[in-house]
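Student: Fold the following, please.
(one chain, ligands or ions: 2)
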Amino acid sequence: MASPDRSTDLPDAHRARPGAAAQPLTDAAIRRAPKVLLHDHLDGGLRPATLVELAEVSGYAGLPTTDVPALARWFSESAFSGSLERYLETFVHTVGVMQTRESLVRVASECAQDLADDGVVYAEVRFAPELHVEQGLELAEVVQAVLDGFAAGSAAAAERGRPILVRALLTAMRHAARSREIAELAVRFREDGVAGFDIAGAEAGFPPTRHLDAFEYLRRENAHFTIHAGEAFGLPSIWEAIQWCGADRLGHGVRIVDDIRTDMSTDPGGRDAELGRLAAYVRDRRIPLEMAPTSNVQTGAAASIAEHPIGLLTRLRFRVTVNTDNRLMSGCTMTSEMLALVEAFGYGWDDLEWFTVNAMKSAFLPFDQRLAVIRDVIKPGYDALRA
Ligand SMILES: O=c1[nH]cnc2c1ncn2[C@@H]1O[C@H](CO)[C@@H](O)[C@H]1O
Ligand SMILES: [Zn+2]
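Tutor: Ligands and ions are numbered 1, 2, ... in the order given. Alright, predicted model coming up:
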C-alpha cells in the first residue's frame with residue numbers, strides 16, 4: 001500500500017531524497033531510529049525476571065509461575081482476553097511486588113534503561129501512586145522512589161551512550177476516589193520530573209466526569225493531563241474527556257472512528273470520509289491520540305493490527321502517536337509496535353518520523369525543549385536512516 005501523502009507536514013529537507021538508498025525497515029534499523037513514547041505504564045513494563053526476583057524477596061506468593069519464559073507467555077496470553085477488565089486483572093501481580101521503595105526504584109530504573117536500549121529518546125511513563133501504598137509508603141514517597149529510579153536508569157543509559165529523557169505522569173484510578181489528591185501530587189512534583197496527570201482503569205461505567213474536580217483543579221494550575229478514553233467505551237467517553245474535562249490528549253481514543261463515515265472497500269484512501277462534529281473537533285484541534293496497537297487488539301478495541309483504526313486515522317492526518325501501553329502484557333517494545341505497523345500498512349521512514357514528531361509535539365514538556373529534541377535528535381536520526 002502506498003504511503004499517505006503528508007507532504008505538508010514535513011519540510012522539504014526531510015522528504016526522502018530520490019535515488020538515496022534508505023536503510024531497510026528491519027527490526028535493528030527501527031531500534032536505532034529515535035522514538036518518542038507518551039503512553040507506557042510502569043506497572044505494565046516490568047522485566048519478567050525482575051518480577052520473579054521481586055516476588056521472591058518480598059514473599060509475594062501469587063505469581064502463576066516462577067519460570068521466567070513461561071511467566072512472560074502467561075502475561076501476553078492472559079492479557080489477550082478481548083476485554084479491558086480481564087486485561088487489567090493481570091496487573092495484580094506486578095502491583096503486588098511494587099510496594100517498597102527499593103522495588104519501585106529498581107523497576108523505574110530498569111524501565112528507563114529498557115526504553116533507552118530500544119531507541120526511545122523521550123518517554124512519559126505513568127503509574128498510579130495509590131496502588132503502591134499497601135505496605136505503608138506515603139503517596140509522595142512512591143512518587144519520589146519512581147523519580148529516583150528514572151534518574152538512576154537514565155544516568156546508566158547515558159553512560160552506555162543511550163541518552164534518554166524520562167518524565168512521569170501520575171495516574172488516578174477511575175473507579176476510586178483519590179483523583180483530586182493525585183492531581184495535587186502531580187502539581188506538587190511538577191518541577192521534579194512529573195509532567196502531567198492521567199486517569200486509567202475500567203472505562204465502562206466510570207466516565208471521566210466522575211473526576212471533574214481533579215481536572216478543574218489541574219486547569220486552574222495550568223497543568224497538563226491526558227485521559228484514557230475511547231478504548232473500552234465509545235464516543236461519549238471521548239466527548240466528556242475533551243469537552244467536559246479539557247483533556248490535552250486522549251489515551252487510545254480508538255473509538256473516534258465511530259464518528260467517521262467511510263467505506264474502506266470503495267475508498268481505501270479515506271478521501272471521501274465524512275467526519276462527525278466530534279471527530280472533526282479532535283482533528284481540527286490536533287488533539288493527540290495515544291494509540292497502542294497490540295494492547296488495543298488484546299482488549300478488543302481493534303480486531304487486528306491490520307484493521308486497527310490507526311491506518312484510517314493516519315490517512316486522515318489526525319495527530320496520531322504510536323505507544324506500547326504495557327510492554328509486559330503486550331510482549332512489545334516501541335520497535336516491535338512500529339515494525340508491526342510497517343508490515344500491516346507498508347509505512348516507510350517518513351511515516352515513522354511523522355509518528356515520532358507528532359509524539360514529540362504532543363509531549364508535556366516545555367515548547368522549547370520539544371523543539372530541541374525534534375531538531376537535534378529526531379530529524380537528524382531519520383535523515384541518517386533515509387540517506
Ligand atoms: O490500557 C489501559 N486502559 C486502562 N487502564 C490501564 C491500561 N493499562 C494499564 N491500566 C491501568 O493503569 C494502572 C496504572 O498504571 C494499572 O495498574 C492498570 O490498572
Ligand atoms: Zn494505558
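Student: For stretch 166-186, could you pull out the residues that count as buried?
Tutor: 166-174, 176, 178-180, 182-186 (16 or more other CB atoms under 10 Å). Using the backbone N, CA and C atoms, a C-beta is placed for each residue, glycine as well.
Student: cool, stretch 223-243 as well?
Tutor: Here stretch 223-243 shows 223-235, 237-242 as buried, counting by 16+ other CB under 10 Å.
Student: Check stretch 207-218 too.
Tutor: 207-208, 210-212, 214-215, 217-218.
Student: Now tell me what touches that stretch from outside.
Tutor: 172, 174, 179-180, 182-184, 186-187, 197, 199, 224-225, 227, 229, 236-237, 240-241, 244-247 (CB atoms under 8 Å, 6 or more residues apart in numbering).
Student: Does ligand 1 have contacts with it?
Tutor: No. Residues of stretch 207-218 are not located near ligand 1 by CB under 6 Å from any ligand atom, the shortest gap being 12.0 Å.
Student: Same check on stretch 49-57?
Tutor: No. Stretch 49-57 stays clear of ligand 1 (CB under 6 Å from any ligand atom), getting no nearer than 13.8 Å.
Student: Averaged pLDDT, that stretch. What do you get?
Tutor: Mean per-residue pLDDT for stretch 49-57: 98.
Student: Kindly report the residues of the chain close to ligand 1.
Tutor: Checking the chain against ligand 1 by CB under 6 Å from any ligand atom, the hits are 41, 43-44, 84, 88, 91, 95, 126-128, 131, 171, 200-201, 228, 231, 295, 325-326.
Student: hang on, the earlier thing: among the buried residues of stretch 223-243, which are in helices?
Tutor: Counted as lying in helices by DSSP state H, out of those, are 235, 237-239.
Student: Show the residue spans covered by the strands in this structure.
Tutor: Here the chain has its strands, by DSSP state E, at 35-41, 120-127, 165-173, 194-200, 225-229, 249-252, 260-261, 274-275, 289-291, 320-322.
Student: can you pull the contacts of the closest residue to ligand 1 within the stretch 51-200 of the chain?
Tutor: Across the stretch 51-200 of the chain, the shortest distance to ligand 1 (CB to the nearest ligand atom) belongs to residue 200, at 3.5 Å. When contacts are counted by CB under 8 Å, 6+ apart, residue 200 touches 41, 126, 128, 171-174, 228, 251.
Student: ok, 10 Å please
Tutor: 39, 41, 44, 88, 91, 126-128, 169, 171-175, 226-228, 231, 251 (CB atoms under 10 Å, 6 or more residues apart in numbering).
Student: Please report how far residue 90 lies from residue 48.
Tutor: Per CB to CB, to the nearest Å, residue 90 is found 12 Å from residue 48.
Student: Please enumerate the shared neighbours of those two.
Tutor: Residues touching both residue 90 and residue 48 (CB under 10 Å, 6+ apart) are 74-75, 328.
Student: got a markdown table for the residues you listed, with neighbour count and pLDDT too?
Tutor: What follows is the shared contacts of residue 90 and residue 48, written out as a markdown table (neighbours: other CB atoms under 10 Å; pLDDT from 0 to 100):
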| residue | neighbour count | pLDDT |
| --- | --- | --- |
| 74 | 17 | 97 |
| 75 | 24 | 97 |
| 328 | 25 | 98 |
